[in-house]
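Chemist: here is the input, now give the coordinates:
(one chain, ligands or ions: 1)
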Amino acid sequence: MQPQLIAGNWKMNGLVSDGKALAADLLALQQGQDGVNAALLLCPPAPLLPLIGDILRDSPIQLGGQDCHAKASGAHTGDTSAQLLADIGCSHVIVGHSERRADHGESSAEVQDKAMAAMAAGLTPIICVGETEGERDAGRALAVIGDQIAQSLPDGAGPERTGFVVAYEPVWAIGTGRTATPGDVAEVHTHIFGLLSARFGAGAAQETAILYGGSVKPGNAADLLAVAHVGGALVGGASLKADDFWAIARSCAA
Ligand code: 13P
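Modeler: As a prediction, this is how the structure comes out:
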């Protein structure tokens with residue numbers, strides 16, 4: 001079994017000094033302690049990527065982007081290509097986060113194109129899905145997630161691996177302090193695992209980490225990370241505090 005992936009999505013937070021301090025603090029925690037059975041990934045704002053990459057160089061902590069464009073290059077002011085992210089040392093890129101789907105009107109078809117661009121550039125896309133509160137209240141959570149999975153995921157990279165990570169982030173749990181219960185998470189992750197198995201085969205599904213995201217904190221991480229088919233966490237607010245992020249990473253079972 002691969003270790004669980006604990007990814008910090010810093011979103012649009014922090015200045016240069018904050019980012020440097022956070023990365024340096026995490027590096028010190030990582031170097032000073034053993035016993036963390038997790039792969040760690042930091043996704044800072046794009047302008048900080050080279051700087052944070054320099055701090056993390058030669059460490060096991062990986063670097064990721066928060067978004068990429070579907071095209072390799074061209075007249076796309078303000079966007080960043082997956083190739084450039086790979087070139088500056090990223091291993092992963094988040095695509096289809098609900099904040100980008102909502103704020104930038106990104107459709108699942110666009111998310112799929114971005115995921116394909118990321119894989120073509122050698123990156124592992126973290127493809128986000130998740131229902132709104134209204135959709136959950138209407139009993140449509142699994143149907144909405146099923147549609148997003150069907151339309152946002154690209155073809156797999158091979159028979160034994162898909163080459164991407166999926167993140168289940170219920171919109172109503174993001175930044176709200178409300179967390180899905182382990183029961184909610186078990187239901188959705190089992191559903192996603194079933195969809196992955198049906199489309200890509202059981203072997204490839206087994207190798208595809210399905211992260212949970214939405215108000216993951218040190219106090220709830222162990223319970224959430226222990227749920228079947230939870231391959232790690234995508235952490236927003238708590239990833240901005242080194243001690244909290246580290247405590248979440250330490251919650252992964254040995
Ligand atoms: P919070 O952990 O702040 O709820 O954010 C979750 C998230 O959106 C991570 O991508």
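
Chemist: and the residue of the stretch 151-254 of the chain nearest the ligand?
Modeler: Gly236 (2.2 Å; C-beta to the nearest ligand atom). In short, each C-beta sits where N, CA and C put it, glycine included.

Chemist: what is the burial count for that residue?
Modeler: 20 (other C-beta atoms under 10 Å).

Chemist: so what's it up against?
Modeler: The contact partners of Gly236, by C-beta atoms under 8 Å, 6 or more residues apart in numbering, come to Asn9, Lys11, Ile174, Gly175, Gly213.

Chemist: please tell me how far it sits from Val171.
Modeler: 12 Å (C-beta to C-beta, to the nearest Å).

Chemist: give me the secondary structure label for the nearest residue to Val129 once chain neighbours are set aside.
Modeler: Leaving aside its chain neighbours, Val129 sits nearest to Gln148 (4.0 Å; criterion: C-beta to C-beta, 6 or more residues apart in numbering). Look at Gln148: counting by DSSP: H, G, I helix; E, B strand; the rest coil, its state is helix.

Chemist: what lines up beside the helix or strand harbouring Pro125 in the sheet?
Modeler: Assigned by DSSP states H and E, Pro125 belongs to strand 124-129. Take DSSP bridges as the rule and strand 124-129 pairs in its sheet with strand 92-95 (parallel), strand 165-168 (parallel).

Chemist: so how far is Asp244 from the residue nearest to Val129?
Modeler: From Gln148 to Asp244 the distance is 29 Å (C-beta to C-beta).

Chemist: comparing these two, which shows the higher neighbour count?
Modeler: Neighbours per residue (other C-beta under 10 Å) separate Gln148 from Asp244, with Gln148 holding more: 23 against 19.

Chemist: no more questions from me, cheers.
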